[in-house]
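>>> Structure, please.
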Amino acid sequence: MSRRWQNVRHQLRRNRPAQFSLVVLIIFVLAALSAGLSPYDPDQMSPGARLLAPDAAHWFGTDEYGRDYLTRALYGGQISLMVGFLVMIFSTLIGTVVGTISGYFGGWIDNLMMRLVEILMAIPAFFLLLVLNAYLKPGVDSIIMIISLLTWMNMSRLVRAETLSVKEREYVLYARASGEHPLKIIIRHIIPGVLPTIIVAATLNIASAILMESTLSFLGLGVQQPAASWGSMLNNAQSYIGEASWLAMFPGILILLTVFSFNVLGDVFRTAFEPGANRDA
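Just a heads-up that it's a prediction; the model follows:
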């Protein structure tokens, strides 16, 4: 595993877009965490300062209620990034459990689990998003749960495929022949063997979750006022796109850069973890 992380560092050193992506994500995360340092209240309305263009006092301008838009974007980043990371954690856990159990035990357990996964994947994800959201109370908790339940299937299929390969390796066969408990074998041998695949898929899941949350919030089905996410900020900006274009431009750029950065880093991990990659490292 250490060799693979050396490959990751090597890829980062030689890949300018990856370096840019890493810096962008670090800046965005630190900025979101330090949102409380802003001198403005994200929910404080000031009708006399509505729709001010970006200037020295308000770097991102103000919205239709006179609220500082940069502060709103920082707090919105907390929600968008939190949703991305928590969805990644939950979907990875579910997908890893289902994939390892299905691949390790095989037989009717594998058939049952994979048929269930295929049925869920056959249903349009966005349709399920709308249906589930209609029956659950709008809010960040519901968004995290809904997106997590809709994004674990691909992870489970990837983990299952890797598990089928890892369980045929000599050290796993020896552990099985020695009478080790299946749960112990999965934790000690299978999961470490499929960990590179899990890391790559988890990185890409963050970007997918942020896009899903932004789409829901853009449609008015996600984060509710007065809270804000980048998607809900885009939704509110629709009515003012002509007179205050920055209301759509700033959250749009933040979403674009965040998703781009996670996808680039996901490609870096995939390249670094490929067997036989970076032989010149």
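>>> all helices of the stretch 51-200 of the chain, in order?
For the stretch 51-200 of the chain, the helices defined by DSSP state H, counting those that start in this stretch cover 69-105, 107-122, 125-135, 140-166, 170-177, 182-185, 191-218.
>>> Let's have those helices in a markdown table, adding mean pLDDT.
Shown next, in a markdown table, are these (pLDDT from 0 to 100):
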| stretch | mean pLDDT |
| --- | --- |
| helix 69-105 | 91 |
| helix 107-122 | 89 |
| helix 125-135 | 72 |
| helix 140-166 | 87 |
| helix 170-177 | 88 |
| helix 182-185 | 88 |
| helix 191-218 | 84 |
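>>> For Asp63, which of these is the nearest?
helix 69-105 (5.4 Å; CB to CB). From N, CA and C alone the C-beta is placed, and that goes for glycine too.
>>> Tell me which residues of the closest one come out buried.
69-81, 83-88, 90-92, 94-104 (16 or more other CB atoms under 10 Å).
>>> If you count contacts, what does that helix end up packed against?
helix 16-33, helix 107-122, helix 140-166, helix 182-185, helix 191-218, helix 230-237, helix 246-273 (3 or more CB pairs under 8 Å, 6 or more residues apart in numbering; DSSP states H and E).
>>> what's the average pLDDT for the first one?
Mean pLDDT, computed over helix 16-33, is 91.
>>> Next, the residues that contact that helix from outside, please.
11-13, 74-75, 77-78, 81, 254, 257-258, 260-262, 264-265, 267-268 (CB atoms under 8 Å, 6 or more residues apart in numbering).
>>> hmm, back to that, I'd like the helices of the stretch 51-200 of the chain written out as CSV, with distance to Trp5 added.
Listed next are the helices of the stretch 51-200 of the chain as CSV, based on distance: least, CB to CB, whole Å:
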stretch, distance to Trp5
helix 69-105, 19
helix 107-122, 30
helix 125-135, 33
helix 140-166, 18
helix 170-177, 21
helix 182-185, 25
helix 191-218, 10
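>>> now the most centrally placed residue in the chain: how far from Met249?
Centrality entry for the chain: nearest residue to the mean C-alpha point is Ile206, 1.2 Å, by CA atoms, centre = their mean. According to CB to CB, to the nearest Å, Ile206 stands 23 Å off from Met249.
>>> Ok, Ala18 next?
26 Å.
>>> What of Thr96?
39 Å.
>>> do the same with Ser46
With CB to CB as the criterion, Ser46 and Met249 are 21 Å apart.
>>> cool, Val268 as well?
28 Å.
>>> So between these two, which is more surrounded?
Taking neighbours as other CB atoms under 10 Å, Val268 and Met249 compare with Val268 leading, 25 against 16.
>>> can you pull the contacts of that one?
So Val268 contacts Val8, Gln11, Leu12, Asn15, Ala18 (CB under 8 Å, 6+ apart).
>>> Arg72 now?
Contacts of Arg72 (CB under 8 Å, 6+ apart): Pro42, Phe60, Asp63, Ala228, Met233.
>>> Could you do Thr62 as well?
Applying CB under 8 Å, 6+ apart, the residues near Thr62 are Ser46, Ala49, Arg50, Leu51, Leu52, Asp68, Tyr69.
>>> ok, 6 Å please
Ala49, Leu52, Tyr69 (CB atoms under 6 Å, 6 or more residues apart in numbering).
>>> ok, of these, which one's closest to Lys184?
Tyr69 (53.2 Å).
>>> any idea how far that closest one lies from Ser46?
Counting by CB to CB - Tyr69 and Ser46 are separated by 12 Å.
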